Each structure stands twice: as structure tokens, then as C-alpha cells.
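S.K.: How does the following fold in three dimensions:
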Amino acid sequence: MKSRIEISDQQLVKNFVAGEAKAMDELIARHSKKLYNYIKNLVKDPVLAEDVLQDTFIKAIHSLKRGSYHDDGKFIAWIMRIAHNLVIDHFRKEKKYREVSNESGEVDLFNNANLSEDTIEMELTKMQLSKDLQKIVQALPREQREIVIMRHYFDMSFKEIAEQTDVSINTALGRMRYALINMRKIIESNKISLTA
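M.R.: Now for the predicted structure:
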């Protein structure tokens with residue numbers, strides 16, 4: 001019989017869906033530190049990071065039980081996406097309810113360009129840049145696209161990427177190099193401008 005360490009995330013997910021609760025315990029033990037560090041890096045608050053981490057696993061469990069998870073062998077990327085979306089939701093709510101007083105400071109908060117929200121034009125430009133970049137990444141071959149997403153969207157090290165994709169670090173680095181070359185070609189051939 002295989003030890004828990006040898007069982008893949010994919011098999012643990014299948015076991016959990018089949019009713020083995022301990023399989024989720026193993027997935028949590030395996031990935032909670034990495035997820036916590038990722039979330040804490042985004043929210044800059046250890047207590048809030050703990051809350052978001054718990055919410056992430058709760059949401060993942062509900063999704064698995066509903067059958068919403070489509071297994072492509074990348075459980076960690078899927079659960080990190082859930083965590084990322086929960087962080088975004090938190091900041092949206094916080095922004096909506098934030099109250100500011102202009103009387104308690106030396107700087108006029110309501111007349112400071114650095115503290116003002118982006119204009120609609122700036123927001124639209126950012127959205128367009130994001131869409132363009134997503135299209136470029138999606139146009140890459142699957143193995144290169146995977147590396148770019150793990151490295152830049154999930155902030156994974158090349159060692160972690162190599163372990164996750166079951167390749168050597170040199171292979172992961174090579175795929176990233178070719179991904180960047182291909183991205184430049186796509187940008188040039190489609191005359192895409194990625195500047196705001």
C-alpha cells in the first residue's frame with residue numbers, strides 16, 4: 001500500500017469525492033503552508049490570511065462535493081485561484097465600506113492624485129491590457145502557458161513549478177524562456193502594445 005506522501009493530489013481528490021474525509025486532511029496538510037504564505041503576501045495581515053485560508057478550503061470542499069472541480073491534475077493551481085478570488089472579494093468589500101476622515105492629517109486626502117482612484121479611462125486601459133496579456137498567455141503551447149501562470153500569477157518558484165509539473169528545474173526554466181520568446185513573437189506579429 002502506498003504511503004500518503006506517494007499519493008498524488010489527483011488521487012486524493014478522487015478519494016475525497018468518493019467519501020474518504022482523510023484525503024482532504026492530507027490535501028490541507030500538504031498545501032496549507034504554501035497557500036497561507038501566498039494569501040499573507042497579498043493581504044499583509046496574518047489573522048486575515050488565516051481567515052481567507054479557512055474560507056479557501058471551505059469553498060474548495062463545497063466545490064468538490066458539488067462536482068464543480070474538473071480534474072486536470074493541477075489541484076494546487078485550482079485552489080490558489082480560489083484563494084486569489086477570495087482575496088479580491090475581501091478588498092472589494094473593504095473598499096466599499098472604508099470610511100476616511102480628512103480632518104486627521106496634514107495632507108488633504110480629497111485633493112491628492114496619489115490617493116485618488118483611477119479614472120474610468122485608466123481602469124478601461126488596465127482592463128484591456130489584462131485581456132491582451134491573457135490572450136497572449138492563452139496562445140502559448142500548454143506546457144509554456146502552465147509555467148507562465150504558475151510563475152507570474154501564483155508566484156511559484158521554479159523549484160516548486162518543477163515539482164508540481166514533474167519536470168527538472170532546467171526544463172521548467174527552458175519552458176519559461178521559450179514562453180517569453182513566443183510571447184514577444186505574438187506581441188510583435190499582432191502589433192500589441194502593452195503600455196498604459
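
S.K.: tell me which strands and helices the helix or strand containing residue 182 is in contact with?
M.R.: For residue 182, the host element (DSSP states H and E) is helix 169-189. Other helices and strands packing on helix 169-189, by 3 or more C-beta pairs under 8 Å, 6 or more residues apart in numbering; DSSP states H and E, are helix 120-138, helix 142-148, helix 158-165. For glycine as for every other residue, the C-beta is placed from the backbone atoms N, C-alpha and C.

S.K.: Indicate which one of those helices is closest to residue 174.
M.R.: Nearest to residue 174 among the helices and strands packed on helix 169-189 is helix 142-148 (9.3 Å), distances taken as C-beta to C-beta.

S.K.: the domain parsing of the chain - what is it?
M.R.: If you go by automatic domain parsing, the domain ranges for the chain are 1-97, 121-190.

S.K.: In CSV: those domains, plus mean pLDDT.
M.R.: Putting these into CSV (pLDDT from 0 to 100) gives the following:
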stretch, mean pLDDT
domain 1-97, 84
domain 121-190, 84
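
S.K.: List the buried residues in the helix holding residue 182.
M.R.: 171-172, 175-176, 179, 182-183, 186 (16 or more other C-beta atoms under 10 Å).

S.K.: How about stretch 120-139?
M.R.: Those would be 132-133, 136-137, for stretch 120-139 by 16+ other C-beta under 10 Å.

S.K.: how far out from the middle of the chain is stretch 12-22?
M.R.: Distance, stretch centre to chain centre, for stretch 12-22: 24 Å (C-alpha atoms, centre = their mean, to the nearest Å).

S.K.: got a list of contacts for that stretch?
M.R.: 7, 23-24, 26-27, 64-65, 67, 69, 71, 75 (C-beta atoms under 8 Å, 6 or more residues apart in numbering).

S.K.: The same query, at a cut-off of 7 Å, please.
M.R.: For stretch 12-22, contacts defined as C-beta atoms under 7 Å, 6 or more residues apart in numbering pick out 23-24, 26-27, 64, 69, 71, 75.

S.K.: Could you do stretch 89-96 as well?
M.R.: Contacts for stretch 89-96 (C-beta under 7 Å, 6+ apart): residue 52.

S.K.: CA-only coordinates of it, as CSV, when you get a sec.
M.R.: Provided in CSV are the C-alpha atoms of stretch 89-96 (Å, rounded to 0.1, in the frame of the first residue of the first chain):
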residue,chain,number,x,y,z
ASP,A,89,-13.6,39.8,-2.9
HIS,A,90,-12.2,40.9,0.5
PHE,A,91,-10.6,44.0,-0.9
ARG,A,92,-13.7,44.9,-2.9
LYS,A,93,-15.8,44.7,0.3
GLU,A,94,-13.2,46.6,2.3
LYS,A,95,-13.1,49.4,-0.3
LYS,A,96,-16.9,49.6,-0.4
